[in-house]
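J.: turn this into a model:
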Amino acid sequence: MRKTVPILLFLSAITLFADIENGKVVYAQNCANCHSVSMTGGMGKDFNLVSYNRKKEDVMKYVTSPGTMYREFGYSANAMPQFPLRGEDVEDVAEYIDSLQRFKAWMKKEV
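T.: A predicted model of the protein is given here:
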């Protein structure tokens, strides 16, 4: 139990600095044309799937530099444009995407 408390405090502190509501706005203004959050389709992956398969830090790296990161993420080509977002907007939209899925693929216990 003692090891869990510092980790939970750390994760809570990260969330305090990110603004999910601003992330929704950033999503609506920059991402919604290609990425849905309700499995309704679009040119890009639905962010529920992204949230399930990617960590927040990975999303931030990709949003910051899609032209150089697409191969690292397993894509053969990049269709995502580079957006001129401030660092806090990148963190906020990544936090919003991360909030879409409570459970993550990387959380699964290997059997």
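J.: residues touching the spatially most central residue of the chain, list them.
T.: Central residue check for the chain by Cα atoms, centre = their mean: the C-alpha nearest the mean position is that of residue 94, 3.6 Å away. For residue 94, the contacting residues are 18, 23, 56, 57, 59, 60, 63, by Cβ atoms under 8 Å, 6 or more residues apart in numbering. In short, each C-beta sits where N, CA and C put it, glycine included.
J.: burial of the fifth one, as a residue count?
T.: Read that as residue 59. Close neighbours of residue 59, defined as other Cβ atoms under 10 Å, add up to 21.
J.: for the remainder of this discussion, apply numbering that starts at 604.
T.: OK, 604 is where the count begins now, so the last one is residue 662.
J.: for residue 702, see how far away it is.
T.: 11 Å (Cβ to Cβ, to the nearest Å).
J.: ok so, going back, mind checking the SS state of the residue nearest to the centre of the chain?
T.: Using DSSP: H, G, I helix; E, B strand; the rest coil, the structure places residue 697 in helix.
J.: what about the helices in the chain?
T.: 607-620, 623-629, 650-656, 659-667, 669-672, 690-702 (DSSP state H).
J.: pick the most buried one from those.
T.: Burial of these is given as mean neighbour count (mean count of other Cβ atoms under 10 Å); helix 690-702 ranks first at a mean of 21.
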